[in-house]
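1. turn this into a model:
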Amino acid sequence: MLENLFKLKEHNTTVKTEVLAGFTTFMTMAYILAVNPSILSASGMDSTAVLIATCLASCLGTLCMAFMANYPFALAPGMGLNAYLAFTVCINMGYDWRVALMAVFVEGLIFIVLSLTNVREAIFNAIPSTLKKGVSAGIGLFVAFIGLQGANLVVPNSSTIISYVNFRENWHTLGICAVLALIGLMITAVLYYKGVMGAILIGIVATWVLGMIMQACGVYVVDVENGFYSLYPSFAITDFSKLGETFGQCFQADFSNVGILNFIVVIFSFLFVDMFDTIGTLIGVSTKAGFLDKDEKLPRVKQALLADAIATSVGAVLGTSTTTTFVESSAGVGAGGRTGLTSVVTGLLFLLAIFFAPVFTAIPGFATAPALIFVGFLMLSIVVKIEFEDFREAVPAYLTILCMPLMYSIAEGIAVGVVSYVVINVVCNLVSNDKKKITPLMYVLAVLFVCKYIFL
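-> All right, here's what the predicted structure looks like:
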């Protein structure tokens, strides 16, 4: 049955590989179970309700991806978009969280229409091959940067913005976490080199276990006030009745104090970031996994984008911010995931997490960090396929790679890449006899990105 559903032999994979990849993806994404309720509760939403909504939206969205598109991509409420909802729309603009969720719901409906009418597919296919490779490599650096932060190897610094951790200061918190992450990275790299099945997942679990040993020995010290929690999982029971506090509340939104123009701006802000975050993730992970065909197009991209759009609207009804394709899906792909069976495993684990949420939320950032850093390396390796001899192709790809981690956004990296690609090639076409064709849609995208910076 699994063979008929997911065509495992055709994709040169096995049930064991797919299951391990699904576990790996989930382990690298599990932090969202703790982070999303923490962020969205700042808007006035109940944190337990958000936790349950997060699990359900992630499960449904990921299963949609599995059965509609047969890709190993997992979905969950996106980082950045949840902060935008809580801190910008609700706190800064002063809108009720029900209004914000309604904006997310409408955004999802717009995406469904765009996906059915081939608009999002056309955007995906319009991006040049070299730029797609740049997106993949840029996501690699972005993922690695997230990992370095989760490991506490990279920390804020007042004079240089960021710096490496001082191992001697705060040794029992920051220092030991950074050391354990480095040990976990070495374990992951060696196991991967030796061809051990599930190397990335083993690296996560091994790092977590080492952390628990360090806590038992008193080397790691719990400091809740500064964000260093116990590494031992607890087994508290989830209060399922709390879901009623957010479920369907977007339809109860009060628009009496919300101007229609302001509401449209909020919708398009969500729309823009979500669209290009999703497209960027699909491009990056698909390029590295070898899913693109000879024309650099992704088969079944419409189904993948439609699954993402459905998840967004469903998530808003359940009570969470924009549900989108997660860049951490690259961890599962790095572990060998090639079909929707990987996504099924990840989706079911999100469902299971409702009952055992305290176990999964205990997975520390420094334990998943080695997986993200190593997957970043795997994705960055595609940079060797960029034609650096052709400056008109290479410079936009380079800017894309550079901007994703530095601007902390996949969407912004794509924006810089698209605008620079169009501008550089238009100018070069004017001063050179060697004309390069630019698709009309690339001109449209460049103009839209520029307008976004001016008006949003």
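2. could I get the full set of strands for the protein?
-> For the chain, the strands defined by DSSP state E cover 75-77, 154-157, 161-164, 323-325.
3. just checking: what are the partner strands of the last one?
-> Using DSSP bridges, the strands paired with strand 323-325 are strand 75-77 (antiparallel).
4. ok, residues contacting the strand it pairs with?
-> For strand 75-77, the external contacting residues (C-beta atoms under 8 Å, 6 or more residues apart in numbering) are 29, 32, 36, 54, 57-58, 61-62, 64-65, 307-308, 311, 315, 320-326, 350. In short, each C-beta sits where N, CA and C put it, glycine included.
5. could you rerun that using 7 Å?
-> For strand 75-77, the external contacting residues (C-beta atoms under 7 Å, 6 or more residues apart in numbering) are 29, 32, 36, 54, 57-58, 61-62, 65, 308, 311, 315, 320-326.
6. from Asp46, how far out is Ile32?
-> When distance is defined by C-beta to C-beta, to the nearest Å, Ile32 is 17 Å away from Asp46.
7. who's more crowded, the two?
-> Ile32 (26 against 19; other C-beta atoms under 10 Å).
8. what sits against the more buried one?
-> Applying C-beta under 7 Å, 6+ apart, we find Ile32 in contact with Thr54, Ala76, Pro77.
9. hmm, try it at 8 Å
-> For Ile32, counting by C-beta under 8 Å, 6+ apart, the contacting residues are Thr54, Ser58, Ala76, Pro77, Met79, Phe326.
10. scan this structure for its longest helix.
-> Secondary structure of the chain per DSSP state H: the longest helix is helix 260-289.
11. gap between that helix and the chain center?
-> With C-alpha atoms, centre = their mean, to the nearest Å as the basis, helix 260-289 stands 11 Å off its chain's centre.
12. if you count neighbours, what's buried in it?
-> Going by neighbour count (16 or more other C-beta atoms under 10 Å), the buried part of helix 260-289 is 263, 265-289.
13. how about stretch 45-59?
-> Buried residues in stretch 45-59, counted by 16+ other C-beta under 10 Å: 45-46, 48-59.
14. dump those residues into CSV; add pLDDT and distance to Val422 as well.
-> As requested, the buried residues of stretch 45-59 are exported to CSV (pLDDT from 0 to 100; distance: C-beta to C-beta, whole Å):
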residue, pLDDT, distance to Val422
Met45, 92, 41
Asp46, 89, 46
Thr48, 87, 47
Ala49, 90, 44
Val50, 92, 40
Leu51, 91, 43
Ile52, 93, 44
Ala53, 95, 40
Thr54, 95, 38
Cys55, 95, 41
Leu56, 96, 41
Ala57, 96, 36
Ser58, 96, 36
Cys59, 97, 40
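15. tell me which of those residues is nearest to Met379?
-> Checking these against Met379 by C-beta to C-beta gives Ser58 as the nearest, at 22.1 Å.
16. can I assume the closest one is in contact with Phe350?
-> Yes: with contacts counted by C-beta atoms under 8 Å, Ser58 reaches Phe350, the gap being 4.2 Å.
17. re the thing from before, and the longest helix of the chain, what's its mean pLDDT?
-> Mean pLDDT, computed over helix 260-289, is 82.
18. would you confirm that Pro370 contacts Ala181?
-> Yes: assessed by C-beta under 8 Å, Pro370 is found in contact with Ala181 at 5.8 Å.
19. now the common contact residues for the two.
-> Joint contacts of Pro370 and Ala181 (C-beta under 8 Å, 6+ apart) are Gly147, Ala151, Thr207.
20. where in the stretch 251-400 of the chain is pLDDT low?
-> The stretch 251-400 of the chain contains residues with pLDDT under 70 at 361.
21. so which residues of it form helices?
-> Shown for the stretch 251-400 of the chain, the helices assigned by DSSP state H, counting those that start in this stretch span residues 260-289, 301-318, 329-334, 340-360, 365-380, 391-406.
22. could you redo these as a markdown table and give each row distance to Asn166?
-> Formatted as a markdown table, the helices of the stretch 251-400 of the chain follow (distance: least, C-beta to C-beta, whole Å):
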| stretch | distance to Asn166 |
| --- | --- |
| helix 260-289 | 33 |
| helix 301-318 | 40 |
| helix 329-334 | 29 |
| helix 340-360 | 31 |
| helix 365-380 | 16 |
| helix 391-406 | 22 |
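23. looking at those, which is buried most?
-> Of all the helices of the stretch 251-400 of the chain, helix 329-334 has the most neighbours on average by mean count of other C-beta atoms under 10 Å, namely a mean of 30.
24. what's in contact with that helix?
-> With C-beta under 8 Å, 6+ apart, helix 329-334 has contacts from 21-22, 24-25, 27-28, 72-74, 139-140, 143, 200, 281, 284-285, 288-289, 342, 346, 371-372, 374-375, 378-379.
25. just stretch 348-366 next, same as before
-> Here stretch 348-366 makes contact (C-beta under 8 Å, 6+ apart) with 22-23, 26-27, 30-31, 33-34, 51-52, 55-56, 58-59, 62, 76, 149-152, 177-178, 180-181, 184, 204, 207-208, 211, 229-236, 238, 240.
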